[in-house]
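S.K.: quick one, what's the 3D model for this:
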Amino acid sequence: METKKAFSIISSYGFFLFGFTSIILGSALPAIERSFGIDHQIAGILLSLPTLAFMSSALVVSALTNRLGPFKLLAVGIFSFTGGLTVLSIGRSFGLLLIGSMAVSFGTGAMETSIGIGVSGMNYRKPGGALNLMHSLFAVGSIIAPFLVAAFLVDYNSWWKPFLVGLFGAVLLVAFVPFLFRIPFAGTSEKAAHFKNEVFSQKIFWLIMAGVLLYVGYEIGFTSWLSSFVFETKGIDMRYASIFPALLWAGIFIGRLLAGFFVDRLGYELSLLLMVIIAFVSFGAALLLQSAIAIGAAVVFAGFGFSGTFPTLQAILISSMKNGIGFAIGMFTVAASIGGATANFFVGFLGHQFGMMAGVIFIMFLIFLEIVVALLIMRLRVVRRSA
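M.R.: Residues are numbered from 1 along each chain as shown. Predicted structure coming up:
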């Protein structure tokens with residue numbers, strides 16, 4: 001099999017497991033809070049700390065890419081991911097829950113960063129389409145997981161069982177590691193200091209960093225707290241509430257499949273702006289509606305609006321950077337993890353202090369700021385092309 005095609009399959013399966021496992025914590029959050037007797041503020045910390053591990057893995061990958069190559073680092077991420085799932089499957093204490101979540105997040109951060117660098121290094125003809133299609137498998141995993149959580153959630157203490165299913169899937173991913181070690185990578189002796197100033201001096205870089213920070217903030221924030229939001233403010237039964245993240249990711253899946261074909265034709269900037277506007281309008285509707293069916297439909301449309309933002313921002317970054325792409329993608333993942341950690345903490349804090357509706361309104365404000373960033377990116381890119 002052609003190396004690029006095999007890498008695409010491995011990456012897509014990795015994103016599937018990434019999506020499957022990352023959604024479990026948020027879907028089962030009401031049960032976890034009751035199982036361990038924690039409030040929203042502590043739950044916010046539980047959701048935020050693993051993103052620091054995610055961020056640290058991005059820094060490690062960025063620092064070691066030229067020496068080891070993205071494919072070996074992807075293998076390291078797979079091992080950390082599998083080890084974390086093992087801890088989550090056998091541990092029953094809050095401490096082990098936190099440790100296992102951080103190990104999983106370190107692994108997924110290394111996987112995501114390495115895959116982005118790998119796509120850049122393998123010279124995909126349409127990186128935007130390739131990244132959107134790979135990320136669509138993340139959405140598939142995120143759709144399946146909440147239904148599995150709902151099936152297992154017969155009592156508060158059953159929150160760990162879906163992680164065991166994820167562990168079985170990760171074992172298959174480990175089987176691909178020998179292939180990854182055989183993919184050639186031509187490293188360079190270039191050090192980060194040689195291109196760091198060049199990357200940091202570009203306005204487009206800082207706008208993309210702001211964009212991904214905001215996006216991951218509202219994507220992870222809404223995904224993590226959606227079940228709690230509809231459970232507490234809309235009065236929906238806990239088991240049915242745990243399914244709502246699947247509706248969000250169904251919309252993201254549909255959007256990413258379509259984005260894989262239209263972003264390169266419509267243009268990255270216009271595609272980004274249109275999707276963020278759809279997300280903002282649909283998210284607002286979900287807050288105002290009362291019917292479970294109507295809220296579910298609004299959540300699906302919000303997911304469609306969420307769908308292409310992350311991979312499209314990454315594609316803009318890849319197409320904008322002449323040098324230091326590994327370093328730039330590492331910083332991209334760092335910004336993403338900061339956004340996720342910040343959003344989860346503040347949603348939990350606001351939910352604890354003022355009620356869950358206040359926390360969710362904060363998420364909507366992040367989407368509004370994303371519209372501003374998308375407009376600035378569009379303006380800057382148009383000026384660059386006309387210069």
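S.K.: element containing Ala6, please.
M.R.: helix 3-27 (DSSP states H and E).
S.K.: helices and strands of this structure: which one has the lowest mean pLDDT?
M.R.: Lowest by mean pLDDT, DSSP states H and E among the helices and strands of the chain is helix 192-200, with a mean of 66.
S.K.: quick check: buried residues in the helix or strand just after that one?
M.R.: Per DSSP H and E, helix 192-200 leads on to helix 203-233 as the next helix or strand towards the C-terminus. Neighbour-count burial for helix 203-233, counted by 16 or more other CB atoms under 10 Å, picks out 204-205, 207-232. Where you see a C-beta, it was placed from the backbone N, CA and C, and this is true even at glycine.
S.K.: so after helix 203-233, what's the next helix or strand?
M.R.: Counting by DSSP H and E, what follows helix 203-233 is helix 238-241.
S.K.: which parts of the protein belong to which domain?
M.R.: For the chain, the TED database gives the domain ranges 1-184, 192-386.
S.K.: spit out the contact partners of Arg92.
M.R.: Going by CB atoms under 8 Å, 6 or more residues apart in numbering, Arg92 touches Trp160.
S.K.: at 10 Å instead, please
M.R.: Ser35, Asn157, Trp159, Trp160 (CB atoms under 10 Å, 6 or more residues apart in numbering).
S.K.: that one: what secondary structure?
M.R.: coil (DSSP: H, G, I helix; E, B strand; the rest coil).
S.K.: how much space between it and Ile32?
M.R.: Distance of Arg92 to Ile32, given as CB to CB, to the nearest Å: 12 Å.
S.K.: what is the distance between the helix or strand where Met364 lies and the centre of its chain?
M.R.: In this structure, Met364 sits in helix 356-386 according to DSSP H and E. Averaged C-alpha coordinates place helix 356-386 at 18 Å from its chain's average position (CA atoms, centre = their mean, to the nearest Å).
S.K.: give the other helices and strands that that helix contacts.
M.R.: Helix 356-386 is packed against helix 40-68, helix 203-233, helix 268-288, helix 292-306, helix 309-320, helix 325-354, with contacts defined by 3 or more CB pairs under 10 Å, 6 or more residues apart in numbering; DSSP states H and E.
S.K.: so which of those is nearest Met378?
M.R.: helix 268-288 (4.0 Å; CB to CB).
S.K.: if we can go back for a sec, which parts of the helix holding Met364 are buried?
M.R.: 356, 359-360, 362-364, 366-367, 369-371, 373-374, 376-378, 380-381.
S.K.: what is the rounded mean pLDDT of that helix?
M.R.: Averaged over helix 356-386, pLDDT sits at 88.
S.K.: before we move on, what about stretch 276-291?
M.R.: 93.
S.K.: so which bits of that stretch are buried?
M.R.: Those would be Val276, Ile278, Ala279, Phe280, Ser282, Phe283, Gly284, Ala285, Ala286, Leu287, Leu289, for stretch 276-291 by 16+ other CB under 10 Å.
S.K.: check contacts around the residue lying closest to Val373 once chain neighbours are set aside.
M.R.: Nearest non-adjacent residue to Val373, counting by CB to CB, 6 or more residues apart in numbering: Gly211, 4.6 Å away. Neighbour list for Gly211: 272, 276, 309-310, 312-313, 316-317, 332, 335-336, 339, 369-370, 372-374, 376-377 [criterion: CB under 10 Å, 6+ apart].
S.K.: same check, this time on Phe81
M.R.: 14, 17-18, 21, 103-111, 166-167, 170, 173-174.
S.K.: touching, Ala374 and Leu274? I think so.
M.R.: Yes: Ala374 lies in contact with Leu274 (CB atoms under 10 Å); the separation is 8.9 Å.
S.K.: which stretches of the stretch 51-200 of the chain form helices?
M.R.: Along the stretch 51-200 of the chain, counting by DSSP state H, counting those that start in this stretch, helices occupy 70-90, 94-121, 127-152, 161-174, 177-182, 192-200.
S.K.: ok, which of those helices comes nearest Gly324?
M.R.: The nearest among the helices of the stretch 51-200 of the chain, by CB to CB, is helix 192-200 at 3.3 Å.
S.K.: re the thing from before, let me know the closest of the buried residues of stretch 276-291 to Met321.
M.R.: Val276 (22.4 Å).
S.K.: roughly how far does the closest one sit from Ile42?
M.R.: From Val276 to Ile42 the distance is 32 Å (CB to CB).
S.K.: which residues touch Leu375?
M.R.: Neighbours of Leu375 in contact, by CB under 10 Å, 6+ apart: Glu269, Leu272, Leu273, Val276.
S.K.: wait, the third one touches Leu313, no?
M.R.: No: between Leu273 and Leu313 no contact is recorded; they are 11.9 Å apart, counting by CB under 10 Å.
S.K.: the more surrounded of the two?
M.R.: Leu313 (30 against 18; other CB atoms under 10 Å).
S.K.: centroid residue for this structure?
M.R.: Val216 (6.3 Å; CA atoms, centre = their mean).
S.K.: contacts only, for that one.
M.R.: Here Val216 is in contact with 51, 54, 309-310, 313, 333, 335-343, 366 (CB under 10 Å, 6+ apart).
S.K.: and Gly83, by the same measure?
M.R.: Counting by CB under 10 Å, 6+ apart, the residues that Gly83 touches are Gly100, Ala103, Val104, Phe106, Gly107, Leu167, Ala170.
S.K.: no further queries at this time; thank you.
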